[in-house]
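Chemist: build the 3D model from these lines:
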Amino acid sequence: MKNLFYHLVAGLVRATSWVTFSRIEVRGLDRVDWDAPCILSPNHQNAFLDALLVGRTAPVKLTIPSRAAVFGTPFDWFLEALRMAPIYRRRDGFDKLSRTKDILAEQRDQLRQGRSLLMFSETEHAHTYYLRPLSRGSARLALETQRETDRPVQLVPVGINYYHLCWPGFKVSIVVGEPLRAPEYMDRYREDEATCVNELRDDLAAAMKDCMLVPEKTDEYPDRVDRINRENEYLSFPEMKQALQAPDSLAPKGDHRPWLGTLADGISVLNAGPLWLANALMRCVDEPPFTASLKFAVGMFCLAPWWAALFGLLTWIFSWTVGTVVGVLAVLTMLLRLVLIRLSNPPHPPVD
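Modeler: Residues are numbered from 1 along each chain as shown. Here you go, the predicted model:
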């Protein structure tokens, strides 16, 4: 049953992502030996949406170690079906740290069998384009696993590059970098474990930055972020990254047109239920990195049932013709809403 649910969600993610983003650019998958153990390490900007997009892109199933705080609810079955595993930290209590050791031992066992997992190496998620400091967790896991197997363990840098961090309708580039191969570090690891873990972590940070459009927060950071906009989506990732070295050569973002956003809200009456739910969830969570994730989740799970319910109710009350017309209008106005939001040119989140 869990396997069936996993494949259902995978299909929904794939279908929803094609509608949510104006374009999905994927580069570098051929750099990885997907038959060997892989630890994918993407940057972390948008809560669980980041994991969904990387899972959608990778040609293998991924286990996802996650914060233990999201477990311990009636939704644990669903999280386990999505191959998520809780990771406990000191803030969760010292009595629970031993559970993390057992879980990581299970992850090492899966890696030894040639399976893959996704591990966010940044110490926190945030609405920023630059890379934040990395923890040592993924580097340590790669080296500890390599010590226990003859199969080459790969630590794979991944860059997720949203052309807007909050709103749908824009491009996303997912870039897979050159894997860091743990066997190349093992001689140094045997001599000095702590130093080698730090070295691999630093090499991973450098490799991840190669996969990101704006990897560092410099004096030109605001100007570079301003050039990540719909006017420049036609450029491939390498072209865009190169052009951002001289941001003045690219078209600026331009002014926000809030009246188009108001128009988008005005034509959305037939989709009022899912939109209300998305806004209510965002008020409850109140963490910016969850904004796009919650919108994506509501669109993935709620829109199709909402349209089906509209069709069924109006067909029952009036006629098949009325139900069909209203159902089609609901779908078309949602698509038009995405176009209007894109054209409204919403501003990027403020620079922290």
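Chemist: specify the local secondary structure of Leu327.
Modeler: Slight slip there: residue 327 is Gly, not Leu. With DSSP: H, G, I helix; E, B strand; the rest coil as the basis, Gly327 sits in helix.
Chemist: quick one, what contacts it?
Modeler: Neighbouring residues of Gly327 by Cβ atoms under 8 Å, 6 or more residues apart in numbering: 307-308, 310-311, 314. (C-beta placed from N, C-alpha, C; glycine too.)
Chemist: residues near Leu204, how many?
Modeler: 23 (other Cβ atoms under 10 Å).
Chemist: looking at the contacts of Gly327, which is nearest Pro349?
Modeler: Closest approach to Pro349 among the contacts of Gly327 (Cβ to Cβ): Trp307, at 30.8 Å.
Chemist: quick check: the closest one touching Ala330?
Modeler: Yes - here Trp307 reaches Ala330: they are 5.3 Å apart, a contact under Cβ atoms under 8 Å.
Chemist: what about the stretch 51-200 of the chain, any weak spots by pLDDT?
Modeler: Scanning the stretch 51-200 of the chain for pLDDT under 70 picks out the ranges 67-76, 78-81, 86-98, 100.
Chemist: repeat the analysis, applying 80 as the threshold.
Modeler: In the predicted model, the stretch 51-200 of the chain carries pLDDT under 80 at residues 65-104, 123-125.
Chemist: do a quick rundown of the helices in it.
Modeler: With helices called from DSSP state H, counting those that start in this stretch, the stretch 51-200 of the chain shows them at 76-81, 97-112, 137-147, 186-191, 193-210.
Chemist: from those helices, which stretch is densest packed?
Modeler: Of all the helices of the stretch 51-200 of the chain, helix 137-147 has the most neighbours on average by mean count of other Cβ atoms under 10 Å, namely a mean of 23.
Chemist: for it, name the packing helices and strands.
Modeler: Helices and strands touching helix 137-147, by 3 or more Cβ pairs under 8 Å, 6 or more residues apart in numbering; DSSP states H and E, are strand 38-42, helix 97-112, strand 154-162, helix 186-191, helix 193-210.
Chemist: try 6 Å
Modeler: strand 38-42, helix 193-210 (3 or more Cβ pairs under 6 Å, 6 or more residues apart in numbering; DSSP states H and E).
Chemist: centre of the chain to the top helix by length along the chain, how far?
Modeler: The single longest helix within the chain, with elements called by DSSP state H, is helix 291-317. Helix 291-317 has its C-alpha centroid displaced from the chain centroid by 23 Å (Cα atoms, centre = their mean, to the nearest Å).
Chemist: now do stretch 344-352
Modeler: Distance, centroid of stretch 344-352 to centroid of chain: 19 Å (Cα atoms, centre = their mean).
Chemist: pLDDT on that stretch, on average?
Modeler: The pLDDT scores in stretch 344-352 average 87.
Chemist: could you pull out the buried residues of it?
Modeler: 344-346, 348-349 (16 or more other Cβ atoms under 10 Å).
Chemist: which residues sit against it?
Modeler: 127, 165, 167, 222, 225, 254, 256-257, 260-261 (Cβ atoms under 6 Å, 6 or more residues apart in numbering).
Chemist: just stretch 138-151 next, same as before
Modeler: Contact partners of stretch 138-151, identified using Cβ under 6 Å, 6+ apart, comprise 36-37, 39, 41, 108, 111-112, 119, 121, 153, 155, 182, 186, 189, 197, 200-201.
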